[in-house]
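In: Need coordinates for the below:
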Amino acid sequence: MRTAMISLMLLLLASACATTSPLATSSKDRHALNGVWEEEWPGQQENDRYRVEIMPEGIVITPLTRAGNQTIRDVYFQHKRLSFVLELDGVPVYYDLVMVNDQLLAGRAKGGARNLDEPVRWYKVTAEP
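Out: I've put the predicted structure just below:
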């Protein structure tokens, strides 16, 4: 009986630690993603823009520039990390971005027709409710 109580207490303690972890995804962080973001690549002259929306079924990213050439799928946000697949002209580019603050996402984009592995930054242009 004592072993069962100790096990239960350890399980409850571990559960509490997991939910209060600094890496846990907060609703504030999720809400901060809402808005229009501009992508910056090294050496690029034109920057694409994307609308990020928090929906009941998940996060939706919609291209605002070159919309006919781009589709975005497999969007995940957890522990301040936004990852998704952007298909550019049907070729997948894998994004892995970290929320530095409410106005900046920074990380890497890999894949594509030229087998990219580039640093990329997204800057928030406008916030949306």
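
In: looking at this structure, which helix or strand is least sure?
Out: helix 2-19 (a mean of 46; mean pLDDT, DSSP states H and E).

In: all helices of this protein, in order?
Out: 2-19, 27-33 (DSSP state H).

In: tell me the centre residue of this structure?
Out: Centroid-nearest residue in the chain: L82, 1.4 Å away (criterion: CA atoms, centre = their mean).

In: Cross-check the contact I'm expecting between that residue and L104.
Out: No - when contacts are counted by CB atoms under 8 Å, L82 is not listed as touching L104 (11.6 Å). All C-beta spots, glycine's among them, are computed from the backbone N, C-alpha and C.

In: For L86, list the residues it contacts.
Out: Contacts for L86 (CB atoms under 8 Å, 6 or more residues apart in numbering) come out as Q70, T71, I72, P92, V93, Y95, A109.

In: pretty sure D102 is touching R30, no?
Out: No - between D102 and R30 there is no contact, the gap being 11.4 Å when judged by CB under 8 Å.

In: From M55, how far out is the residue nearest to G112 when sequence neighbours are not counted?
Out: Sequence neighbours aside, V93 is the residue nearest to G112 in space, at 4.4 Å (criterion: CB to CB, 6 or more residues apart in numbering). Distance, V93 to M55, by CB to CB, to the nearest Å: 23 Å.

In: now swap in M99 and tell me
Out: Between M99 and M55 the distance is 18 Å, computed by CB to CB.

In: out of those two, which sits in the busier spot?
Out: M99 (21 against 7; other CB atoms under 10 Å).

In: Output the below-cut-off pLDDT ranges for this structure.
Out: 1-26, 129 (pLDDT under 70).

In: all strands for it, in order.
Out: 35-40, 49-55, 58-63, 70-78, 81-88, 91-101, 104-111, 116-127 (DSSP state E).

In: List the buried residues in the last one.
Out: Think strand 116-127. By neighbour count with 16 or more other CB atoms under 10 Å, strand 116-127 contains the buried residues V120, R121, W122, K124.
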